[in-house]
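> what's the 3D shape of this:
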Amino acid sequence: MKISILPRFLAMTCTTCFLACQAPTARIDYQSLPTRTAGGINVVVEIPAGTNHKIEYDKTSDRFLNDQENGRDRIVNFLPYPGNYGYIPGTYLDPQRGGDGDALDILVLSESQATGSLLEVLPIAALQLKDGGEWDTKIIAIPSDSTQQIMAIRDFTHFMTEYNGVQAMVKNWFLQYKGLGEMEFVAWQNERFAEKEIEKWLAP
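Okay, the predicted model is just below:
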């Protein structure tokens, strides 16, 4: 007895078409996002975890673009990013106050998220570095949603003790991703320092 697979095929085809033809999710207005949320702070992902392309959000074109180097896409000549790298909206590192003119950088320790993703996170630490003699602080965070967390980090002390291997890897990655001697380690700071750093660079 032959059983036709046509009905099942048609059902699968219709389901696929339905999913594929859904209206896209609402576009994010990246330039109007608040810094804080009810459960933490907002983060816009530029470079997904596990990738090497140096992608940044460009306000002028409202697009995420790969940095250019010698006419080609800039690719970090090192191991991939150990977390989702991006920026905290609503912050501005004013050059007149020692900043670099960009938003405050942040690394989110979680599974890879697509470029342009918006995450709600909890700051757990700040990694203070110097890049070419200039201060370069990286906020370290985990997702606010416990279901998105890959490590149950409670606070800075927990991060530095129970997850000291992760802490060392993150520090060493930033110290070496531009080449030996390019970055200088200054100090690790706790979550209170991270919060003050965010407040310090809130855009006027």
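
> where along this structure do the helices fall?
6-20, 156-161, 164-176, 191-200 (DSSP state H).

> Quickly, which of the ones you listed bottoms out on average pLDDT?
When the helices of the chain are compared on mean pLDDT, helix 6-20 scores lowest, with a mean of 38.

> what sits against the closest residue to Asp145 other than its chain neighbours?
Nearest non-adjacent residue to Asp145, counting by Cβ to Cβ, 6 or more residues apart in numbering: Glu120, 6.9 Å away. Quick note: C-beta positions are derived from backbone N, CA and C, even for glycine. Counting by Cβ atoms under 8 Å, 6 or more residues apart in numbering, Glu120 touches 37, 39-43, 143-145.

> For the residues you listed, which single residue is the most surrounded?
Of all the contacts of Glu120, Val43 has the most neighbours under the rule other Cβ atoms under 10 Å, reaching 28 neighbours.

> and the residue lying closest to that one once chain neighbours are set aside, what does it touch?
Using Cβ to Cβ, 6+ apart and skipping residues adjacent in sequence, the residue nearest Val43 is Leu119, 4.6 Å away. When contacts are counted by Cβ under 8 Å, 6+ apart, Leu119 is found next to 42-43, 45, 84, 86, 108, 110, 113, 143, 148.

> What separation is there between Leu119 and Asp105?
14 Å (Cβ to Cβ, to the nearest Å).

> cool, Val43 as well?
Counting by Cβ to Cβ - Val43 and Asp105 are separated by 10 Å.

> Name the residues contacting each of the two.
86-87.

> shouldn't Phe174 be in contact with Leu127?
Yes: with contact defined as Cβ atoms under 8 Å, Phe174 and Leu127 form a contacting pair (6.4 Å).

> The two: who's more crowded?
Taking other Cβ under 10 Å, Phe174 and Leu127 do not tie; Leu127 has more neighbours (22 against 19).

> Quick one: work out the angle between the lengthiest strand in the chain and helix 164-176.
Determined from DSSP state E, the single longest strand within the chain is strand 118-131. Using axes from the mean of the first three to the mean of the last three Cα atoms, to 10 degrees, the inter-axis angle of strand 118-131 relative to helix 164-176 is 60 degrees.

> okay, the angle between strand 118-131 and helix 191-200?
90 degrees.
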